[in-house]
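Colleague: compute the structure for the input listed below.
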Amino acid sequence: MNLEKHRKDFPILNLKKNKIIYFDNAASSLKPKQVIKAINNYYNDYPANVHRGIHRLSMQASIVYEKAHEDIASFFNCKKEEVIFTQNSTDAINLIMYSLYNSNYFKKGDEIITSIEEHHANFVPWQFLAKKLKLKLKFIKLTKDQKLDVLDLKKIITSKTKLVAIAHISNTLGVINLISEIIKIAHSKKSLVLVDGSQSAPHLKIDFERLDCDFFVATAHKMLGPTGIGCVIGKEKLLNKFEPFRFGGDMISNVTLKESKWNSLPYKFEAGTPNISGVFGFLEAVNYLKKVGVNNIYKHDKEILKYAYEKLKEIKNIIIYNCKDIDNQIGIIIFNLKGIEAIELSALLDEISGVATRAGMHCAQPIIETFDRKGVVRASFYFYNTKKEVDVFVKTLKKIDLMVNK
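Modeller: So this is what the prediction gives:
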């Protein structure tokens with residue numbers, strides 16, 4: 001992988017003034033110029049709605065829109081009909097939740113299993129539904145190395161468990177969960193499995209067919225794409241079975257005064273004018289990831305992660321909350337520095353050296369509060385980050401440590 005060549009594709013990394021070291025990739029990745037150009041191409045060359053007109057602008061926009069379904073399906077190894085465009089992962093999970101609700105999938109006393117490490121987007125919807133329908137919400141425990149405990153899942157899952165909703169990779173701990181084992185256990189009890197792939201899709205090769213989960217969600221803005229676009233990938237038989245929850249244009253095939261009939265997949269779940277420019281950008285982001293190679297990205301991320309861990313150990317008053325065994329993690333480190341609160345520390349990193357990190361609860365309050373009730377700092381890496389940037393990051397932390405812990 002030609003790191004310097006790829007870094008030139010990201011405008012924000014090539015500023016002559018106000019240079020930034022971007023370590024906030026778990027929140028949102030940077031966008032290469034190819035993605036930005038693709039978005040502009042829609043507005044400049046095909047500024048029309050899709051699936052609505054027979055004029056050439058609409059037809060040309062529709063062709064690219066359909067190609068996005070096809071290429072993103074190929075990227076995740078699933079069928080074109082199984083890719084439903086959403087606003088993001090949060091929207092995708094809500095789509096699944098409301099579709100199951102509209103389909104009367106749950107009944108009083110049924111169970112949903114999730115975990116304490118989930119992003120709020122894969123926690124709050126199920127908490128809401130459990131209260132509304134009087135379901136039982138259960139939580140998989142974590143092992144000492146911060147993975148979801150497969151043995152605990154075997155203990156708590158029952159014939160009443162209708163859904164297991166878990167993150168492929170935690171957005172705070174960075175641990176790659178034993179997802180295949182979890183899916184097998186859940187399916188043995190005839191439970192559906194939703195995998196939140198928000199953090200895994202940018203870093204791992206995802207094979208939906210081989211993974212065999214029932215639903216997989218991803219968001220483009222964490223994988224080089226624009227904001228406001230993501231996807232649900234669902235097994236075709238389930239998407240055909242369950243009801244939509246958004247109604248309007250493009251999701252219907254026929255409307256009369258008495259009843260309406262739904263469109264074929266994936267349009268059944270894509271009501272209204274979609275984020276067309278976002279889809280153009282998502283398509284180009286996937287093409288870019290293919291060129292770089294997801295395996296190359298994973299390898300580079302691991303190198304940066306290991307390098308950062310070793311360097312951070314040099315700081316006297318640092319507290320690292322991730323598991324010390326980093327062989328099964330992606331490039332996420334959560335930490336604090338004694339003598340200073342997380343928000344202040346993150347602000348100083350930016351002010352002193354232009355290092356962008358995130359501080360707070362990271363939309364994962366239940367797990368973060370077990371470490372520090374005021375929040376933690378998160379540094380998260382991607383393939384365009386370098387060891388030199390890590391050196392600046394660590395040097396700045398050492399400087400702050402001397403300032404606050406004299």
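Colleague: so what's the residue lying closest to G234 once chain neighbours are set aside up against?
Modeller: Take G234 and drop its neighbours on the chain: the residue closest to it by Cβ to Cβ, 6 or more residues apart in numbering is F215, 4.8 Å away. Just so you know, the C-beta spots here come from the backbone N, C-alpha and C atoms, and that holds for glycine as well. Residues near F215 by Cβ atoms under 8 Å, 6 or more residues apart in numbering: 96, 192-195, 232-235, 238.
Colleague: next: F393.
Modeller: With Cβ under 8 Å, 6+ apart, F393 has these contacts: 21, 23, 308, 349, 353, 355, 379.
Colleague: again, only using 7 Å
Modeller: 21, 23, 355, 379 (Cβ atoms under 7 Å, 6 or more residues apart in numbering).
Colleague: got the contact list for stretch 56-68?
Modeller: By Cβ under 7 Å, 6+ apart, stretch 56-68 touches 42, 46-52, 276, 279-280, 282-283.
Colleague: ok, of those residues, which one's closest to I166?
Modeller: F282 (24.2 Å; Cβ to Cβ).
Colleague: which strands or helices does the host helix or strand of that closest one pack on?
Modeller: Assigned by DSSP states H and E, F282 falls within helix 276-292. Counting contacts by 3 or more Cβ pairs under 7 Å, 6 or more residues apart in numbering; DSSP states H and E, helix 276-292 packs against helix 33-45, helix 56-76.
Colleague: what about the helices in the stretch 51-200 of the chain?
Modeller: 56-76, 89-102, 124-133, 150-156, 179-188 (DSSP state H, counting those that start in this stretch).
Colleague: of the ones you listed, which is nearest E314?
Modeller: When these are compared (using Cβ to Cβ), the closest one is helix 179-188, at 34.2 Å.
Colleague: can you pull the buried residues of the closest one?
Modeller: 179, 182-183, 185-186 (16 or more other Cβ atoms under 10 Å).
Colleague: re the thing from before, could you dump the helices and strands packed on helix 276-292 to CSV with mean neighbour count and distance to N263?
Modeller: Listed next are the helices and strands packed on helix 276-292 as CSV, based on neighbours: other Cβ atoms under 10 Å; distance: least, Cβ to Cβ, whole Å:
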stretch, mean neighbour count, distance to N263
helix 33-45, 16, 23
helix 56-76, 18, 14
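Colleague: can you put these in a markdown table and add mean pLDDT and distance to M361?
Modeller: Supplementary listing: the helices and strands packed on helix 276-292 in a markdown table, determined by pLDDT from 0 to 100; distance: least, Cβ to Cβ, whole Å:
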| stretch | mean pLDDT | distance to M361 |
| --- | --- | --- |
| helix 33-45 | 97 | 29 |
| helix 56-76 | 96 | 30 |
